[in-house]
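Trainee: coords please:
(one chain, ligands or ions: 2)
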Amino acid sequence: MTRSILVTGATGYIGSHTCVCLLEAGWRVIGIDNLCNSSPRVLSHIARITDRELPFQVLDVRDHVNLCRLLQREEVSAVIHFAGLKAVGTSVSQPLNYFDNNIAGTLTLLRALHQHGVRKLVFSSSATVYGEPKHVPITEDAPLSATNPYGRTKLIIEQCLADLRQSDPEWRIATLRYFNPAGAHETGLLGEDPRDTPNNLMPYIAQVAVGRRKCLTIFGNDYPTPDGTGVRDYIHVMDLARGHLASLERLFNKPDSFTVNLGTGQGVSVLEAVAAFEAACEKKIPVRFSGRRPGDVASCYASPESARELLGWRAEKQLADMCADHWRWQRNHPNGY
Ligand code: NAD
Ligand code: UFG
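Mentor: Residues are numbered from 1 along each chain as shown. Ligands and ions are numbered 1, 2, ... in the order given. Next comes the predicted model:
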């Protein structure tokens, strides 16, 4: 039987792009997703890009019985675990849903993997675990804290994974702390398709550009940053996808676990992001300023050095590529999939 990689959250934004990367690199991939925040139409788009089918099952990672059935049936040698809820604001009003989906979901998955002898895992963590960073660029040894229930789920899962590794050195776990994923597949066939009003900057700008929304509200212009707006580390989703491929390869080749930032190391302000998107779509993006969004930090960008040293990986695409690809996707799919 060929070795397979199980991808949870396979039809989501980052999961779908990573599936493309894995298939193109020759891995056999099995996808699962409960479709709570994605469309099954993603699958035909992945097939069009890669010319390969992605075996897929609608499955919730909290469903232990059916996870075990799948793991009995398939020879899974590693898992990339994207499945989870990610809206910071909703996590504040519905913490129990976030604890259940993200924490209980991950624990159910881990138990099933443990039972079936799968010991390699790539986990989607987030720069949110750095809370309010004291220094930028942020290195992996910076203090960790949670500023909202979503962040707490990532932090708790990271801690559970550390305990698991400690208990059984057979586990090889890659914890990847993503900064701000942006962009889309260069074909314009895959991209981010938020179900509700976008919380994140790039999808919001893209929906203004395509005429679905009138104006971007910029949350704060009085931060201690060069132009007063928030600074972030936007990373192209295909660079992020390649980071998963590199992590997986390392897990198969080296008997250790690791935690790395996946970012570019470049800080970009909201106004710079808007200007870059305007250049890509050749339209003016109307903006208005409002007060700061609660919980936002002034500046957050990665030191990508560990990822370069451990994985030989670095982000290759620029902000202009992210905007051009994001715009191509949005223009081709003004209302999503
Ligand atoms: P997404 O919502 O597009 O993808 C997540 C997928 O998981 C969705 O398809 C959803 O339907 C699925 N899912 C949710 N709960 C599930 C469950 N219980 N069982 C099975 N499937 C389930 O989000 P994304 O941007 O692709 O994020 C992927 C991962 O990366 C998440 O864990 C997220 O927290 C993390 N992350 C995302 C960002 C970001 O800004 N996009 C930043 C840092 C970390
Ligand atoms: N912003 C606006 N207007 C908007 C949306 C965002 O001005 O409509 C600003 C924010 O204030 C911030 C910047 O754009 O300065 C980026 O905001 P995002 O919401 O796109 O990203 P965040 O850095 O706030 O958070 C994202 C994810 C989190 C994750 C974090 C680090 O939403 O889940 O990146 O990975 F934890």
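Trainee: going forward, measure contacts between C-alpha atoms and count neighbours the same way
Mentor: Will do.
Trainee: what's opposite Thr259 in the beta bridge?
Mentor: Thr175 (DSSP bridges).
Trainee: scratch that, Val287
Mentor: Beta-bridge partners, per DSSP bridges, of Val287: Leu216.
Trainee: run a quick neighbour tally on it.
Mentor: Val287 sits with 15 neighbouring residues when counted by other CA atoms under 10 Å.
Trainee: is Arg250 in contact with Gly312, as I believe?
Mentor: No - the pair Arg250 and Gly312 does not pass the contact test of CA atoms under 8 Å, sitting 9.8 Å apart.
Trainee: if you count what's nearby, which of the two comes out ahead?
Mentor: Shown here are Arg250 and Gly312; by other CA under 10 Å, Arg250 has more neighbours (19 against 13).
Trainee: which residue sits closest to the more buried one, ignoring its sequence neighbours?
Mentor: Leu311 (6.8 Å; CA to CA, 6 or more residues apart in numbering).
Trainee: what of Ser290?
Mentor: Phe219 (5.2 Å).
Trainee: what about the chain, any weak spots by pLDDT?
Mentor: For the chain, applying pLDDT under 70 flags the ranges 1-2.
Trainee: now with 80?
Mentor: Scanning the chain for pLDDT under 80 picks out 1-3.
Trainee: is ligand 1 contacted by the longest helix along it?
Mentor: Longest helix in the chain, counting residues (DSSP state H): helix 149-167. No - contact between helix 149-167 and ligand 1 is absent, the nearest approach being 7.6 Å (criterion: CA under 6 Å from any ligand atom).
Trainee: other SSEs contacting that helix?
Mentor: Helix 149-167 sits against helix 88-93, helix 95-98, strand 120-126, strand 172-178, with contacts defined as 3 or more CA pairs under 8 Å, 6 or more residues apart in numbering; DSSP states H and E.
Trainee: could you dump that helix to CSV, C-alpha only?
Mentor: Output in CSV follows, covering the C-alpha atoms of helix 149-167 (Å, rounded to 0.1, in the frame of the first residue of the first chain):
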residue,chain,number,x,y,z
PRO,A,149,-10.3,32.1,23.3
TYR,A,150,-9.2,31.2,19.7
GLY,A,151,-5.6,32.0,20.7
ARG,A,152,-6.0,30.0,23.9
THR,A,153,-7.1,26.9,21.9
LYS,A,154,-3.8,27.1,19.9
LEU,A,155,-1.7,27.6,23.0
ILE,A,156,-3.4,24.7,24.8
ILE,A,157,-3.0,22.4,21.8
GLU,A,158,0.7,23.4,21.5
GLN,A,159,1.1,22.5,25.2
CYS,A,160,-0.7,19.2,24.8
LEU,A,161,1.5,18.3,21.8
ALA,A,162,4.6,19.1,23.9
ASP,A,163,3.4,16.7,26.7
LEU,A,164,2.6,14.0,24.1
ARG,A,165,6.1,14.2,22.6
GLN,A,166,7.6,14.0,26.1
SER,A,167,5.6,10.9,26.9
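Trainee: next, the angle from that helix to strand 120-126.
Mentor: 150 degrees (axes from the mean of the first three to the mean of the last three CA atoms, to 10 degrees).
Trainee: quick thing: my sequence starts at 52, can you match it?
Mentor: In the new numbering, first residue 52, that becomes helix 200-218.
Trainee: list the buried residues in helix 200-218.
Mentor: Within helix 200-218, the residues scored as buried using 16 or more other CA atoms under 10 Å are 200-209, 211-213, 215-216.
Trainee: which one of the residues you listed sits closest to ligand 2?
Mentor: Distance to ligand 2 across the buried residues of helix 200-218 (CA to the nearest ligand atom) is lowest for Gly202, with 6.6 Å.
Trainee: which bits of the stretch 202-351 of the chain sit near ligand 2?
Mentor: Residues of the stretch 202-351 of the chain lying near ligand 2 (CA under 6 Å from any ligand atom): 229-231, 250-252, 255, 267-270, 281-283, 321, 344, 347.
Trainee: can you pull out the strands in the stretch 252-388 of the chain?
Mentor: With strands called from DSSP state E, counting those that start in this stretch, the stretch 252-388 of the chain shows them at 267-270, 282-283, 285-287, 309-313, 319-320, 338-341, 350-351.
Trainee: quick one, which of these is packed in tightest?
Mentor: strand 285-287 (a mean of 26; mean count of other CA atoms under 10 Å).
Trainee: show me the contact partners of that one.
Mentor: 230-235, 313-315, 317-319, 366, 368-370, 372-373 (CA atoms under 8 Å, 6 or more residues apart in numbering).
Trainee: switch the cut-off to 6 Å
Mentor: For strand 285-287, contacts defined as CA atoms under 6 Å, 6 or more residues apart in numbering pick out 231-234, 314, 373.
Trainee: these into CSV, with extra columns for neighbour count and distance to Gln145?
Mentor: As requested, these are arranged in CSV below (neighbours: other CA atoms under 10 Å; distance: CA to CA, whole Å):
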residue, neighbour count, distance to Gln145
Asn231, 22, 23
Pro232, 22, 24
Ala233, 27, 26
Gly234, 30, 28
Gly314, 29, 29
Met373, 27, 32
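Trainee: now, which of those lie close to ligand 1?
Mentor: 231-232.
Trainee: out of the contacts of strand 285-287, which sit inside helices?
Mentor: Using DSSP H, the contacts of strand 285-287 in helices are Met373.
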